Structures are given as C-alpha cells and as structure tokens.
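>>> Below is the sequence, then the predicted model.
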Amino acid sequence: MDWKYENGRIYSTAENGELMCETTFIRKENGEMNIDHTYVNPVWRGQSVAGKMMEVVAEYFRKEGIKASATCSYANVWLKRHEKQYQDILSEDTYDQAAACKIDGNH
C-alpha cells in the first residue's frame, strides 16, 4: 500500500485516485493528537486494512514523538488493544476519552 502523509491525515488511494482508506487527526490544546476519524473503502473491508492503517499511524506518531488518544471509536479500541506495543504514544487521556464516530460522507 502506498501511504500518503498530509497535515492531519494519512491515507491511501487506488491508482484511479479513489480513496481506499484514511485516518484523520487533530492537534489538541496540550499538543497531543486526537484521532477523530478512520475510513476503509468497502472494497477493502474485512481484509485487516484498518488495523494495518492504524499501525502506520502509530508508527508515524512514534517517529514524530507524538502522544495520541482517539475520539474515533475504532481507533480508540485499537489503541487500547495495542497499549503494550504502543505505550510510548498513548496519551494519558486514552482511557478517559469519549469515543464517537465522526460522521461525514464517507460512512
């Protein structure tokens, strides 16, 4: 998968430019990131793409020295399930963070 990195977004597209998967995140007042949205194109659902995408996001945060929590329900659960592997990027807010899907045209 060819990952593209933009300010507040990591994503992948098909050769025709169609969005295949993405994670968006915003900077909180304390400088940490809040993962507020994940999306996987229906064509790729059920193939572990969302998990792979979260690994890419977590490794990016690790490389950049960024702490993160998630209001996106999928990302919130993923961070908690992988807390031992990615303890260095987990915000103290991770377990207190309310999670809810960011609804837009991609859901």
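Received the coordinates, thanks. Numbers count the residues shown, from 1 in each chain.

>>> any idea how far Met1 is from Trp78?
Distance, Met1 to Trp78, by Cβ to Cβ, to the nearest Å: 17 Å. C-beta here means a position set from N, CA and C on the backbone, and glycine is covered the same way.

>>> Can you list the residue ranges for strands in this structure?
Counting by DSSP state E, the chain has strands at residues 4-6, 9-13, 19-27, 33-40, 68-70.

>>> I'd like a version of these in TSV, one that adds distance to Gln85 and mean neighbour count as further columns.
Compiled in TSV, those are given as follows (distance: least, Cβ to Cβ, whole Å; neighbours: other Cβ atoms under 10 Å):
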stretch	distance to Gln85	mean neighbour count
strand 4-6	21	10
strand 9-13	18	17
strand 19-27	17	19
strand 33-40	16	22
strand 68-70	14	25
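
>>> and of the ones you listed, who's closest to Val56?
Of all the strands of the chain, strand 9-13 sits nearest to Val56, with 6.1 Å by Cβ to Cβ.

>>> quick one on the thing from earlier: when Met1 and Trp78 are compared, which one has more neighbours?
Between Met1 and Trp78, Trp78 has the larger neighbour count (other Cβ atoms under 10 Å), namely 22 against 11.

>>> excluding its backbone neighbours, what's nearest the more buried one?
Once flanking residues are discounted, Trp78 sits nearest to Met54: 4.7 Å by Cβ to Cβ, 6 or more residues apart in numbering.

>>> again with Ala75
Ile35 (4.1 Å).

>>> thought the one you found was touching Thr71?
Yes: counting by Cβ atoms under 8 Å, Thr71 is a contact partner of Ile35 at 7.3 Å.

>>> So Ala75 sits against Met54, correct?
Yes: with contact defined as Cβ under 8 Å, Ala75 counts as touching Met54 (6.4 Å).

>>> any idea how far Tyr60 is from Ile10?
6 Å.

>>> The chain: helices as residue ranges?
Under the criterion DSSP state H, helices of the chain are mapped to 49-64, 73-81.

>>> will you turn these into JSON lines that also has distance to Val43?
Below are those laid out as JSON lines (distance: least, Cβ to Cβ, whole Å):
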{"stretch": "helix 49-64", "distance to Val43": "9"}
{"stretch": "helix 73-81", "distance to Val43": "18"}
